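Visitor: Need the 3D shape of this:
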Amino acid sequence: MFKKLFGKKEEPIKTIQLVAPMMGKAVNLSAVPDPVFSEKMMGDGLAIEPSEGVVVSPIDGEIMQVFPTKHAVGIRAKNGAEILIHIGLETVSLKGEGFETHVKQGDTVKAGERLVTFDMEIISEKAKSTVTPVIITNTDQAASLKVLTEGNVEKGATPILEVTFE
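Guide: Reported below is the predicted structural model:
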């Protein structure tokens, strides 16, 4: 009510921090054994070698896409950043086996909210790798992107990326 009285309008959010969407070890994208990710064809970010099969939202935002094969989720942050979490490599061929989604397109999520659970054993056995790229797919529109950590990360807690849109 006071905002209306005094004419202050909310500043648009420009910079956001992403927290780790899973437990594990953060690694540089260049270490991902897939050129689509390691050469940043989809955008910039980092990857996580998971230690458990739970993926949570790295930000407050809106679910843009849940792939029918359940191996990837796209989220739009409040500053316009579009984030792709791609669980494992060559996991699309599993056609959803070993994955369970907990959100759908259009859902609003908070950082730390569960998105997908997956069976690490099935992924390890049937896919190329469990390494999970976390990509800002519209990096080309970002004013800046900073990788904040490498090494062990805690899901929903450890800041991993900072991205600014003007």
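
Visitor: Surely Leu94 touches Thr69?
Guide: Yes: applying C-beta atoms under 8 Å, one finds Leu94 in contact with Thr69, separated by 6.9 Å. Just so you know, the C-beta spots here come from the backbone N, C-alpha and C atoms, and that holds for glycine as well.

Visitor: Compare these two (neighbour count), which wins?
Guide: Taking other C-beta atoms under 10 Å, Leu94 and Thr69 do not tie; Leu94 has more neighbours (20 against 15).

Visitor: While we're on that one, how confident is the model there?
Guide: Listed pLDDT for Leu94 reads 96.

Visitor: what sits against it?
Guide: Leu94 makes contact with Thr69, His71, Ile122, Ile123, Lys126, Ala127, according to C-beta atoms under 8 Å, 6 or more residues apart in numbering.

Visitor: Who wins on neighbours among these?
Guide: His71 (28 neighbours).

Visitor: What separation is there between that one and Lys95?
Guide: 9 Å (C-beta to C-beta, to the nearest Å).

Visitor: Distance of Phe67 relative to Thr137?
Guide: 13 Å.
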